[in-house]
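Student: A structural model of the following input is requested.
(chains A and B)
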Amino acid sequence: MGKKEVDKKEIDYDKVIIHLHNVTKHYEMGDNIVKAVDGISIDIKRGDFVAVMGPSGSGKSTSMNLIGSLDMPTQGHIFLDGEDISSLNESELAQIRGRNIGFIFQQFNLIPTLTVKENVVLPMTLQGISEWEREEKAEKILKRLDLLDRMDHYPNQISGGQQQRVAIARALANNPEVILADEPTGNLDTKTGLKVMDFLTELNKEGRTIVFVTHSPELARQYAHTIYWLKDGKIERITKERKKGFNWKGD
Amino acid sequence: MNYFILAYRNLKRKGLRSYLTLLGICIGILAVVALITLGSGLKLAVSSQFGVSSTELITVEASGGYMGPPGSEVINPLTQNDLEEIKKLSSVKMATGRVIESGKLEFNDIVIFGYASNIPDGEDRDFVYEQLEAKAVAGRLLDDGETGKVFLGYNFYVDKVGLEKKVVPGNKVILQGRTFEVVGILEKKGSFIYDNLVYMNEDDLQNLFNYGDTLNYIDVLPADKDDIEKTKEDIEKLLRRLRDVKVGGEDFTVSTPESSMAQVNSMLNAIQAFVIIIASISIFIGAIGIINTMGTSVLERKREIGIMKAIGAKNSQIFMQFFVESGFLGLIGGGIGVVFGIIIGYFGVLGINNFVGTDVQPKINFLLIFFSLLGSFIIGAAAGIFPAMKAAKQNPVEALRG
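Tutor: Coordinates of the predicted model:
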């Protein structure tokens, strides 16, 4: 309890949206305990563009789930917008997640039985937004992502790049402050992948906080402002990137 | 977009396998709906098989005694003497002996097995006619002392007895090798028994079948309509003495309209109980089928549940999605059952009409349809509770891994 008090004093929540304090996540695998994340502390600042980097098995996906409050830590505390998520029940957490965080997955993870538009509408439905409002908002977002003519298609009727754009549209549905992207370009060709990253940059310039997981150092360096380098469930180092004048692949 | 649309979409992509599990609910609802739609038709069919018509007549018939080992009883028939003694009882207003004999009937060069019944002379004739509410739909009824003449049940008139030609007054039919003139047709009674009989005067029947002084039934009209039970007891007492049997060892049965109706009702109840048992078992199996289908569905859609949770679905919202979907699954099964149940009930009533010669209007009961559909939705939803809870409790991270 005392620790929590200290944290609240130390952290300036006007600047920090997500705070992981000394967080550990253990998984039981048979008789073994796997320390996927082993005592990390991360501050995600509002408006930052953050990359979580590391080889497979470094715990980056687990960190991502913890940052996105999809998972509860074994030890330590996670604060979302100043609130300790361990004090919330599953449903309260789901609601807060739905409002504040937009998820983008490597596998796109669209609902196959719903059309493009319905996929974008779904997060708003779950927040109880009126039908008229969500239809209007969905169309506005889809227009921005140049998907209006694919609105009534089902996910399996459109290309991978389009599917990822639908996923971005869905992530934006509730106008969240934070966008979490787990290897968003992993299933896309280079060109389409860069388009997705450019769009995330655009969202960042609007003031949204972007956190993405990647195993590509080039991608991390090109787009992120802050990079967390993970290894064996620990933060190896944190680097800051200066964007001005940075050149990648001769652009 | 809401739970109903989500449910509809998910049901649309379900395979044939899932729909086969609905067979149970389908059959259960079908049985119930068909039974209720048959309703009054079924009752009529059973009543007419028991020959129940009058509301005040007591019927006496011989039956096996309970003295010897099973199969060894010899039925001791009622006699003219029994009838005469019954007539003397003070609680009896009138009584008459009825004989029904079976024999060959020839007409239109076709031979069938038919049943012939006696019409006694004098005031007994009036009594029989009165009890039958006998009226001729064509020609006339018989009078005292007429020989070589018969009148026929309604089914002869509409060619429903297998003679391939309708019989009209003036025709001649051959009974047991002897020719009789048909003088009339009895109007439709709506009873399988009365509508198929050949009616002739007692002397003719006696000559034809030579049954001596035995009787099949004795019809008794009680002196006091409101105390049929007393008349019944008097007859029982009398017959025990005449036939020398003890209480509990009677070789005859005295049935009142009430006891006949009770018999009909117990028959109906047995049919209903049977159908309800079948329906319950089917619905139970159907519910287990839905639990299984929805359980599989939860596993198949684990990833989808993870996605839903990631984008903000509360546990209760996940629960509702599967719950409603399961209800719809039940509703589909029940809906198919209702359709076929009504078809079976409807044509069942028409079939009974055709068979028994009644005129019951098959009715479509919309309240029944509504409650059957509501019921099947509830059964489906209830079966979905456990799988839906399982879906709601999925850990989002594990679910997303698929």
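Student: same question for stretch B:222-233: list its buried residues.
Tutor: Going by neighbour count (16 or more other CB atoms under 10 Å in any protein chain shown), the buried part of stretch B:222-233 is B:222, B:228, B:231-232. Where C-beta positions appear, they are placed from N, C-alpha and C, glycine not excepted.
Student: mind checking the SS state of the residue in the stretch 51-200 of chain A positioned nearest to chain B?
Tutor: Taking CB to the nearest CB, chain B has its nearest neighbour within the stretch 51-200 of chain A at A:G98, 1.7 Å off. The assignment at A:G98 comes out as helix when based on DSSP: H, G, I helix; E, B strand; the rest coil.
Student: nearest to B:I307, of the buried residues of stretch B:222-233?
Tutor: For the buried residues of stretch B:222-233, the residue nearest B:I307 by CB to CB is B:I228; the value is 75.8 Å.
Student: what helix or strand is the closest one located in?
Tutor: Using DSSP states H and E, B:I228 sits within helix B:228-243.
Student: the very next helix or strand once past that helix pairs with which strands, and in what direction?
Tutor: Where DSSP H and E defines the elements, the next helix or strand beyond helix B:228-243 is strand B:252-255. Strand pairing for strand B:252-255, determined by DSSP bridges: strand B:58-62 (antiparallel).
Student: and the partner strand, average pLDDT?
Tutor: Taken as a whole, strand B:58-62 has a mean pLDDT of 87.
Student: contact partners of it?
Tutor: The contact list for strand B:58-62 (CB atoms under 8 Å, 6 or more residues apart in numbering or on different chains) reads B:75-78, B:82, B:86, B:216-222, B:228, B:231-232, B:235, B:239, B:251-257, B:260.
Student: rerun at 6 Å
Tutor: Outside strand B:58-62, the residues within contact range by CB atoms under 6 Å, 6 or more residues apart in numbering or on different chains are B:75-78, B:217-218, B:220, B:232, B:252-256.
Student: relative to helix B:228-243, how tilted is it?
Tutor: If you take axes from the mean of the first three to the mean of the last three CA atoms, to 10 degrees, strand B:58-62 sits at 20 degrees to helix B:228-243.
Student: picking up where we left off before, same list (the contacts of strand B:58-62) but as JSON lines, adding distance to A:K45 and pLDDT.
Tutor: Listed next are those as JSON lines, based on distance: CB to CB, whole Å; pLDDT from 0 to 100:
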{"residue": "B:I75", "distance to A:K45": "105", "pLDDT": "75"}
{"residue": "B:N76", "distance to A:K45": "109", "pLDDT": "83"}
{"residue": "B:P77", "distance to A:K45": "109", "pLDDT": "87"}
{"residue": "B:L78", "distance to A:K45": "109", "pLDDT": "90"}
{"residue": "B:Y217", "distance to A:K45": "104", "pLDDT": "87"}
{"residue": "B:I218", "distance to A:K45": "107", "pLDDT": "91"}
{"residue": "B:V220", "distance to A:K45": "105", "pLDDT": "91"}
{"residue": "B:K232", "distance to A:K45": "100", "pLDDT": "90"}
{"residue": "B:F252", "distance to A:K45": "104", "pLDDT": "88"}
{"residue": "B:T253", "distance to A:K45": "99", "pLDDT": "88"}
{"residue": "B:V254", "distance to A:K45": "101", "pLDDT": "89"}
{"residue": "B:S255", "distance to A:K45": "96", "pLDDT": "86"}
{"residue": "B:T256", "distance to A:K45": "96", "pLDDT": "85"}
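Student: circling back to that earlier point, does the residue of the stretch 51-200 of chain A closest to chain B touch B:G312 like I think?
Tutor: Yes - with contact defined as CB atoms under 6 Å, A:G98 reaches B:G312; the gap is 1.7 Å.
Student: which neighbours do those two share?
Tutor: Shared contacts of A:G98 and B:G312, defined by CB under 6 Å, 6+ apart, are found at A:123, A:126.
Student: that older thread, what's the closest of the contacts of strand B:58-62 to chain A?
Tutor: B:S255 (65.1 Å).
Student: tell me, how many residues neighbour that closest one?
Tutor: B:S255: 19 surrounding residues under other CB atoms under 10 Å in any protein chain shown.
Student: also the one 4 residues further on?
Tutor: Each residue near B:S259 was counted by other CB under 10 Å, and the total is 16.
Student: swap in the one 5 residues further on?
Tutor: By the measure other CB under 10 Å, the count of residues near B:V264 is 18.
Student: any idea what it is structurally, helix, strand or coil?
Tutor: helix.
Student: and what of the one 4 residues further on?
Tutor: Assigned state for B:L268: helix (three-state reduction, three-state DSSP).
Student: which other helices and strands does the helix holding B:I228 contact?
Tutor: Helix B:228-243 sits against helix B:80-88, strand B:252-255, with contacts defined as 3 or more CB pairs under 6 Å, 6 or more residues apart in numbering or on different chains; DSSP states H and E.
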